[in-house]
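Student: I would like the atomic coordinates for the input below:
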Amino acid sequence: QVQLQESGPGLVKPSQTLSLTCTVSGGSITTSYYYWSWIRQPPGKGLEWMGSIAYDGSTYYSPSLKSHTSISRDTSKNQFSLQLTSVTPEDTAIYYCNALRGWDNYWGQGIQVTVSS
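Tutor: Numbers count the residues shown, from 1 in each chain. You can find the predicted model right below:
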């Protein structure tokens with residue numbers, strides 16, 4: 001079974017870049033047809049899909065976040081990462097990494113990130 005674990009800073013200052021990493025175990029991020037995503041949930045709001053990187057390295061982004069979001073991967077470490085530039089307090093949220101392939105849907109436990117000076 002695939003397991004995911006988010007890591008990164010819990011506090012980021014406005015205008016800085018937020019960087020998070022998801023470490024995957026129990027499966028390879030290059031396994032066919034898996035899509036590896038970042039999803040966040042701001043306080044009091046619903047889940048928001050931010051973007052995904054596919055098993056073949058292709059990337060997909062939410063149109064509303066595309067201009068300041070980047071997702072990459074390190075296949076040697078079986079990790080994928082999120083970079084969100086020029087953050088504001090509105091980027092405060094719980095950030096989740098997710099793996100999806102057909103009926104297989106796995107989530108990390110989530111990491112709280114607060115944007116504040």
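Student: grab the nearest non-local neighbour of Arg101.
Tutor: Leaving aside its chain neighbours, Arg101 sits nearest to Tyr34 (4.6 Å; criterion: C-beta to C-beta, 6 or more residues apart in numbering). Glycine gets a C-beta too; all of them are placed from N, C-alpha and C.
Student: thought the one you found was touching Asn105?
Tutor: No. With contacts counted by C-beta atoms under 8 Å, Tyr34 stays clear of Asn105, the gap being 10.7 Å.
Student: on that earlier part again, next, count neighbours for the residue nearest to Arg101.
Tutor: 22 (other C-beta atoms under 10 Å).
Student: what do Tyr34 and Asn105 both touch?
Tutor: Ala99 (C-beta atoms under 8 Å, 6 or more residues apart in numbering).
Student: the residue lying closest to Tyr55 once chain neighbours are set aside: what's it in contact with?
Tutor: In this structure, Tyr55 finds its nearest non-sequential neighbour in Tyr34, 4.8 Å apart by C-beta to C-beta, 6+ apart. By C-beta under 8 Å, 6+ apart, the contact list for Tyr34 reads Gly27, Ala54, Tyr55, Ala99, Leu100, Arg101, Asp104.
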